[in-house]
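[1] below are the sequence and a predicted model for it; my questions follow.
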Amino acid sequence: GDGRVEVVAGPMFAGKTEELVRRVHRAQIARQRVLVVAHELDTRSGAGRVRSHSGLEAASRTVAAAGDIPRLVEPGTTLLAVDEAQFFGADLVDVLVGLADAGLVVVAAGLSVTFDGRPFSPLPELMAVAESVTKLTAVCTVCGRDAAYHVRLAGGVPAVGDPLAPTAAHVGGAETYEARCRRHRAS
Ligand code: ADP
Ligand code: MG
């Protein structure tokens, strides 16, 4: 069928949500039935929508776990868009692969790295099984180079090696996180 998995990955501020919303809007212009899903841990956008840092929005359903997604897919839905995919954990891979096998175009956007610079599951696993991977960079806040990382600032300096790094307790916005290039992620 036409099912496929498309991944949009990168650090914070890379434009992942902008790209996700762009694909959603294109499908809506084509009169496709679209389902946009956000995780309940994503409290930045407000319930019922995904929102980019630049203000682009799309209406969304909020779920607590990957296993809640399939029952939200109404007959005739052709595009499933999932934002902040890293919040869903490893369960998301089988769920999205199953829906793509069933014929949906699935777009998953999420962080490919934790703020201490490690691969952030399940984005690496999703990238491995996807037909398409769009890897985006942000702009380094120190030097303007391409930023493949982001850091969490504590007292103005990057908090590297924080043992709490990959947990959902760290849901923040522009005030505590900055995009950084390879050179400036540690200082
Ligand atoms: P993501 O979903 O990857 O966190 P968004 O799509 O929400 O990113 O936001 C991308 C937008 O963030 C950019 O178009 C730009 O307006 C804004 N922005 C703010 N800081 C930066 C930065 N350091 N690098 C790139 N874009 C930034
Ligand atoms: Mg985003």
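    Alright, I've got the coordinates. Residues are numbered from 1 along each chain as shown. Ligands and ions are numbered 1, 2, ... in the order given.
[2] would you map the strands across the protein?
    Using DSSP state E, the strands of the chain run over residues 4-10, 33-39, 49-51, 57-59, 61-63, 77-82, 105-111, 132-135, 138-139, 146-147, 149-154, 157-158, 177-180.
[3] tell me which other helices or strands the third one touches.
    Using 3 or more Cβ pairs under 8 Å, 6 or more residues apart in numbering; DSSP states H and E as the contact criterion, the neighbours of strand 49-51 among helices and strands are helix 16-29, strand 33-39, strand 57-59. All C-beta atoms are positioned from the backbone trio N, CA, C, and that covers glycine.
[4] to F120, which of these lies closest?
    helix 16-29 (12.2 Å; Cβ to Cβ).
[5] by contact count, what packs against the closest one?
    Contacts defined by 3+ Cβ pairs under 8 Å, 6+ apart place helix 16-29 against strand 4-10, strand 33-39, strand 49-51, strand 57-59, strand 77-82, strand 105-111.
[6] ok, the spatially closest residue to L20 that is not a sequence neighbour to ligand 2 distance?
    Spatially, and ignoring its direct neighbours in sequence, L20 is nearest to A109 (4.2 Å; Cβ to Cβ, 6 or more residues apart in numbering). A109 is 6 Å from ligand 2, where distance means Cβ to the ion, to the nearest Å.
[7] next up, the contacts around the nearest residue to R51 once chain neighbours are set aside.
    In space, and not counting its chain neighbours, R51 is closest to S45: 3.9 Å by Cβ to Cβ, 6+ apart. S45 sits next to A38, R51, E57, S60 when contact means Cβ atoms under 8 Å, 6 or more residues apart in numbering.
[8] can you pull the phi/psi pair for the last one?
    In other words, S60. For S60, the backbone dihedrals are phi -140, psi 160 (criterion: degrees, to the nearest 10).
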